[in-house]
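# let me see the structure of the following:
(chains A, B, C and D)
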There are 4 protein chains.
Amino acid sequence: MRVLDLEEAIPHYRDRIGLELVGRSGDRAFFRGFDEFDRHSVILREADMPGLDRIGFKVCRDSDLEIFADRLQATGVDVEWITAGEEEGVGRKLRFAVPTGHIFDLYADMELSADGPPTKNPDVWHSEPRGMRAMRYDHSALNGIDVAGSARIFVEALDFSVTEELVDEASGTRLGIFLSCSNKAHDIAFLAGPEDAKIHHTSFRLESWNDVGNAADIISRYDISLDIGPTRHGITRGQTIYFFDPSGNRNETFAGGYDYYPDNPRRSWGVEQAGKAIFYYEKALNDRFMTVNT
Amino acid sequence: MRVLDLEEAIPHYRDRIGLELVGRSGDRAFFRGFDEFDRHSVILREADMPGLDRIGFKVCRDSDLEIFADRLQATGVDVEWITAGEEEGVGRKLRFAVPTGHIFDLYADMELSADGPPTKNPDVWHSEPRGMRAMRYDHSALNGIDVAGSARIFVEALDFSVTEELVDEASGTRLGIFLSCSNKAHDIAFLAGPEDAKIHHTSFRLESWNDVGNAADIISRYDISLDIGPTRHGITRGQTIYFFDPSGNRNETFAGGYDYYPDNPRRSWGVEQAGKAIFYYEKALNDRFMTVNT
Amino acid sequence: MRVLDLEEAIPHYRDRIGLELVGRSGDRAFFRGFDEFDRHSVILREADMPGLDRIGFKVCRDSDLEIFADRLQATGVDVEWITAGEEEGVGRKLRFAVPTGHIFDLYADMELSADGPPTKNPDVWHSEPRGMRAMRYDHSALNGIDVAGSARIFVEALDFSVTEELVDEASGTRLGIFLSCSNKAHDIAFLAGPEDAKIHHTSFRLESWNDVGNAADIISRYDISLDIGPTRHGITRGQTIYFFDPSGNRNETFAGGYDYYPDNPRRSWGVEQAGKAIFYYEKALNDRFMTVNT
Amino acid sequence: MRVLDLEEAIPHYRDRIGLELVGRSGDRAFFRGFDEFDRHSVILREADMPGLDRIGFKVCRDSDLEIFADRLQATGVDVEWITAGEEEGVGRKLRFAVPTGHIFDLYADMELSADGPPTKNPDVWHSEPRGMRAMRYDHSALNGIDVAGSARIFVEALDFSVTEELVDEASGTRLGIFLSCSNKAHDIAFLAGPEDAKIHHTSFRLESWNDVGNAADIISRYDISLDIGPTRHGITRGQTIYFFDPSGNRNETFAGGYDYYPDNPRRSWGVEQAGKAIFYYEKALNDRFMTVNT
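Predicted coordinates for the structure are as follows:
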């Protein structure tokens, strides 16, 4: 993610959201959630404008990268190989872009954190969780024009399932597509927007609705810019609060949501229920949520 | 699962645990959690002794059954094909036994429940959750002698991962093996015991620690036989309470636990920390938990 | 409280908020929270317009009524004695009006509920709490012009303390005054408004923030008209959700809030912080909350 | 409270329970909960044996001290006046002993903490709560022989109410008496024991059952000696966990419990239900809880 000022961004992600600062290197700061084993899961890069450079997904085996390269190319997607080590601690990467202009990396190897969760007679945590007590990076939602085109690649080449979608049934246009490659209700989401290569929000996992309330207290106490919440999504059923980092990137901390299995019927929302789909309690969208992204 | 008296068992599973009673047929009663799409996930059969007949796992595609049949046989496991419909609403099944004497079915097809979670502009639930508010069947823990042998089949033939194990390091004996085929900390567990084909507990998913407390209130209010809890496991980190159904089968309702990914390092517990591994707060085992099963 | 249609109001208060319906008598329905001992705590009266007829406070002893009558009269307030039994199950009452036009009754005697909380080896509840799981009536907030005048009577004649106030410091005007006669952050509140004898909301006690979330689910699932929430108040620190009954009366279900003791310093909010004072997370008021009452 | 080693005790009460360390003076350390206004609420004194020196109750007005002195003497209790300032920051005190050998102080004046909860546009907390997030000292339970005699003084001379009692109905002996001078289910409790002047536990208030779970995690993570819990009391309905400080004094952190009003019928437990009365979930007492005190 791009931030305008790394000095300002670090306390926000470390002390308020509660991530571990793994280290800094040049214009970058590396973070991981306290419950993540890998060396890092979030990289902030200081830049002239906020937003997103890339998102990475880890695959099971290095040999899977070859398979996915073939499948992506078969779907008409160009791929690029990135040498191991270009990103600190990470093996070779397979890079590709989707029609909405977002860039993704697949990789199989990453160093483990030296301070990751203990594995020998492990306690529930080693150091007390801090701030909002975010456990891990969870997902991102991305804005762009051809969301159906981007989603198709994840389904056809990468074995994601569409868990839910928001559809304008009159025109058949899909306005929001939520995709999972796990038991979570979403691992990535594409939301229709007038401009490509934009990110709507980056989301971190909390343990419970109780922690969503705690996040709200922290947001208010430290005058973090609140977007909306605490509330619940209709889509994914997640309990959530949205706010902005000092650079204007939208963050989410959320909990709950159903357990997804790939045999689940797809959930579908009509555009006339978009308010309830997005904000299950308010049943109405707000302009900021619909128009502000980075 | 076998119960001694179906009339007594139904109110326990329906009104206390909060499952939906799908229907009855002869000596059987069928249940599903309110958040499950499939027709049923738990079958109670009236019998002379409590315990477990079989556990089923659903696979993605019917053609996977052939693949798993081959892989099971390659691991030295005999398989048997069960005709579609032998179990109401379920397609053909692949049956096999493991060294600890437990019988498993794999199947790909099951009818969806007519009253399952809504999928069109869905509410968080259709009818208010009841009793302990159990969302779904979650996992079972099974007792037997050669737990390593049973676990090996799940790993080699069925793509499960060992998430955690409890090991007597002096002898190298594995006393408990926890296996996942999902993002859950366990989908099945094998626990060393002197007798094969036994079940230690059947577990249902709750939303949160708050619901574990509610389950405890219900257990006490209705004089359900408590085993232990509310407490937390060291292994899986789940927040839990154990109790017995009217036939003496041990039930668990639990929440939390970490998100598991197959690249996670294996967590390992030494037998000298078995107390903390099983009951993270009490740090001691009790005889009943260690010796009573059905 | 006045409602437009008793048939419509009863399921709202009984099944959604979760009160016990004690009985009906003519144009009235009587309710109590499941955790209240007295025969009733809320009376709904069918009428042409929503709103509030009267609020009652129970005093310790019948002889206290004489003392309070004297003290009210010494404060310049007229009192009226109401014969025992005029309200079903209630002893004699002392009635008075305050400058904001609201009418109050004091009484010492009320029949106990036949179905109240058990007192011999009592369980945490006898029947499982229902709907929003409201434990008891908690407080009301009243709108009118001379809020300082009304509050003065509660302080001088009735031994209430002002726990918090919202003040326009430029003019010295008090816009909101919160009063307690207990360890709660408020038992009654007066909010400045252009019209007298109005009620802003009637509030019911929940156990926790978790139950506030459950209330939000119920509100959305049953299409109850939401006002705002789940959120938290700056004033009283209560965790809250506001909604409307079918007649347009504003209800609140809330949890938390600090423990108040009469030696606590008074908390004070400047009008420029009114948003944060009322909605601690949103930090902004909305028109509906400020202008709609009954 | 007496502790064996102040250096060991301070991190326990400050970092684990989460109290604020107000300061040290000679052999004493002073603490307050983050949500308390008074200068201190707990004093630890280093001594040769653990246990309790005295408990103080704050009264509303200095003149009340004279009234309570008269009433105590009328009940046959000797009183002693302690000069203002004998305890740092505290006004004159009225000291008396009860038949179970415990010593109490009444006082009206105490300095406010310089770091107490903010009162001008106050946030929910100023610094993030720490450790178990204890909000305030709540109550103590005291062991001794003539518990009825001690309780009588609190009722007759000090206006406490008996909220609940545990009674051996065959002999009429009262084994536990729970007294409140507030809306809490207890402010002090007397438990029958073979030796006078003993303290069973000192209890601190948490916000919710969720925080009881968090306290359990902290207890296990830092190898604090657990007594029992998380569980719930039948008496008071509080959600609780018991543990020991490094000197062997029993601490409790708890949440919930009903709102008490002085017109509530008394709750009564028969000794044959003592297990459920004390531990609502386990329905059985354990020897340590019954016999270990300081």
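
# on the three-state scheme, whichever residue of the stretch 1-150 of chain A sits closest to chain D is what?
Going by C-beta to the nearest C-beta, chain D is nearest to A:D123 of the stretch 1-150 of chain A, at 4.8 Å. Placement of C-beta: from N, CA and C, glycine included. When classified by DSSP: H, G, I helix; E, B strand; the rest coil, A:D123 comes out as coil.

# any idea how far it is from chain B?
A:D123 is 8 Å from chain B, where distance means C-beta to the nearest C-beta, to the nearest Å.

# one more: A:S140?
Counting by C-beta to the nearest C-beta - A:S140 and chain B are separated by 17 Å.

# chain C contacts on chain A?
A:209-210, A:213, A:216-217, A:219-220, A:226, A:229-232, A:239, A:276, A:280-283 (C-beta under 8 Å from any C-beta of the partner chain).

# now, which of the residues you listed lie close to chain D?
A:210, A:217, A:220.

# dump those residues to JSON lines, plus secondary structure.
Listed next are these as JSON lines, based on three-state DSSP:
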{"residue": "A:N210", "secondary structure": "helix"}
{"residue": "A:D217", "secondary structure": "helix"}
{"residue": "A:S220", "secondary structure": "helix"}
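
# save the residues you listed as JSON lines, and put in neighbour count and distance to C:I17 too.
Shown next, in JSON lines, are these (neighbours: other C-beta atoms under 10 Å in any protein chain shown; distance: C-beta to C-beta, whole Å):
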{"residue": "A:N210", "neighbour count": "26", "distance to C:I17": "22"}
{"residue": "A:D217", "neighbour count": "21", "distance to C:I17": "26"}
{"residue": "A:S220", "neighbour count": "22", "distance to C:I17": "27"}
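
# closest to chain B among those?
Closest to chain B, out of all of those and judged by C-beta to the nearest C-beta, is A:N210, at 7.4 Å.

# from memory that closest one sits against B:N210, does it?
Yes: taking C-beta atoms under 8 Å as the definition, A:N210 is a contact partner of B:N210 at 7.4 Å.

# which neighbours do these two share?
Jointly contacting A:N210 and B:N210 under the rule C-beta atoms under 8 Å, 6 or more residues apart in numbering or on different chains are C:210, D:210.

# need the helices for chain A, in chain order.
Along chain A, the segments classed as helices by DSSP state H run A:6-11, A:62-74, A:147-156, A:209-221, A:274-278, A:287-291.

# out of the ones you listed, the one nearest D:D78 is which?
helix A:209-221 (48.5 Å; C-beta to C-beta).

# thinking again about what came up before, possible to save the ones next to chain D among the residues of chain A next to chain C as a markdown table with pLDDT and distance to C:D168?
Below are those laid out as a markdown table (pLDDT from 0 to 100; distance: C-beta to C-beta, whole Å):
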| residue | pLDDT | distance to C:D168 |
| --- | --- | --- |
| A:N210 | 98 | 36 |
| A:D217 | 98 | 27 |
| A:S220 | 98 | 23 |
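
# look up the closest residue to the closest residue to chain D within the stretch 151-294 of chain A, ignoring the ones flanking it.
Using C-beta to the nearest C-beta, A:N210 is the residue of the stretch 151-294 of chain A that sits closest to chain D, at 4.4 Å. Leaving aside its sequence neighbours, A:N210 sits nearest to D:N210 (C-beta to C-beta, 6 or more residues apart in numbering or on different chains; 4.4 Å).

# again, but for A:G116
Spatial nearest neighbour of A:G116, chain neighbours left out: A:F37 (4.4 Å); criterion: C-beta to C-beta, 6+ apart.
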